[in-house]
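# Attaching a predicted model along with its sequence, questions to come.
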Amino acid sequence: MKGKTNNLLPWISSILIAIIIIGALTLIPDSVTHSNAYNVLVPNSFPSAQVLGLSVIESINEFSGETEVPSYYKESRIGIAVSILFMFVIIPFLFVKGTLQSEKRENPTALWYVGSALLLLVISTSIIKGGIKMSVHQNTRDSAQISRTYDLMRTELTDVSFIVVEQVLELNDIEEMSKISTENIPEVKKSDYQYRMVTNPQDTSVTISISSNQVSDFTATTIIRPYSDQIFKYQRTYSK
């Protein structure tokens, strides 16, 4: 593009064309986007997602004992090949070919506009989808860590509750329940969580609550009645 290195108008036009393509794709009916022809013929700018989906399907089929390859699997492989062919061969060829044709012209050729618009489309959608996948992955990791903390808290609370039950049953006088404290339990001393215990000799119950700075919106509680038919009563509380 002779003498137009700093001219942004062609690129702005390409961006507008890419936006029009995206808008057109969003208007495609759901019945078409879920069809086999769509999955095969329409390129996907993120074929790794297709590969991951196929891997999941293949693993499920293998686990269930199915040896026959489903038609969806075969057709999706064609779709992945089409996507890779478009992204790494056809679109770069259109862009380079259009650039070479436009070198000695005053205005870019139609081929350059098509190639640059598709190139921008692939790059932008890949960046957006990549960002979304990273965000989802991070959120999944955070959720998994929170769930793991919940499980650890519940398990530790159960262990401490059994210890307290043993201590209560070893008392000679139920009035001595007030002397029982979590501070005297080794498991509590080395714990990463915070405990709160309330004893009630009137109904021979002990209430133990566990909380954590890691998950400030969650508290687990056990109400222990060693001399009752229902020894344990578990409660959990989520606060916003």
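Noted; the coordinates are in hand.

# which stretches of the chain aren't confidently modelled?
By pLDDT under 70, the weakly predicted segments of the chain are 1-6, 23-54, 57, 65-75, 239-240.

# what are the ranges of the helices in it?
Assigned helices in the chain, in chain order: 9-26, 30-33, 36-41, 47-64, 71-85, 91-102, 110-169, 186-189 (criterion: DSSP state H).

# Comparing these, which comes out most buried?
Each of these was assessed for mean neighbour count using mean count of other CB atoms under 10 Å. The highest is helix 91-102, with a mean of 17. From N, CA and C alone the C-beta is placed, and that goes for glycine too.

# Mind giving me the packing neighbours of that one?
When contacts are defined as 3 or more CB pairs under 8 Å, 6 or more residues apart in numbering; DSSP states H and E, helix 91-102 sits against helix 110-169.

# From the contact counts, what lies against the helix it packs on?
With contacts defined as 3+ CB pairs under 8 Å, 6+ apart, helix 110-169 has these neighbours: helix 9-26, helix 91-102, helix 186-189, strand 205-211, strand 218-224, strand 232-238.

# To Ser178, which of these lies closest?
Between Ser178 and the helices and strands packed on helix 110-169, the tightest spacing by CB to CB is seen for strand 205-211, at 10.3 Å.

# Note down every partner strand of the closest one and its orientation.
Taking DSSP bridges as the criterion, strand 205-211 forms sheet pairs with strand 194-200 (antiparallel), strand 218-224 (antiparallel).

# Dump the helices of the chain into TSV; add distance to Ile180 as well.
Formatted as TSV, the entries for the helices of the chain read as follows, by distance: least, CB to CB, whole Å:
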stretch	distance to Ile180
helix 9-26	65
helix 30-33	63
helix 36-41	65
helix 47-64	50
helix 71-85	62
helix 91-102	73
helix 110-169	5
helix 186-189	12
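
# on that earlier part again, adding distance to Ser76 as columns, could you present the helices and strands packed on helix 110-169 in CSV?
As requested, those are arranged in CSV below (distance: least, CB to CB, whole Å):
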stretch, distance to Ser76
helix 9-26, 19
helix 91-102, 21
helix 186-189, 52
strand 205-211, 48
strand 218-224, 41
strand 232-238, 40
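
# wait, isn't Arg154 in contact with Ala220?
Yes. Under the criterion of CB atoms under 8 Å, Arg154 lies in contact with Ala220, with a separation of 5.6 Å.

# do you know which of the helices of the chain lies nearest Asn213?
So among those, helix 110-169 is nearest, using CB to CB, at 10.3 Å.

# now the angle from the closest one to strand 205-211?
Regarding helix 110-169 and strand 205-211, their directions subtend 150 degrees when assessed with axes from the mean of the first three to the mean of the last three CA atoms, to 10 degrees.

# Which among the helices and strands packed on helix 110-169 is found nearest to Lys179?
Distances from Lys179 to each of those were compared by CB to CB, and the smallest falls on strand 205-211, at 11.8 Å.

# then that closest one to CSV, C-alphas only?
This file holds the C-alpha atoms of strand 205-211, laid out as CSV (Å, rounded to 0.1, in the frame of the first residue of the first chain):
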residue,chain,number,x,y,z
SER,A,205,-25.1,-30.2,75.6
VAL,A,206,-21.9,-28.7,74.1
THR,A,207,-22.0,-26.4,71.1
ILE,A,208,-18.8,-26.2,69.0
SER,A,209,-18.3,-23.8,66.1
ILE,A,210,-15.5,-23.6,63.7
SER,A,211,-14.6,-20.7,61.4
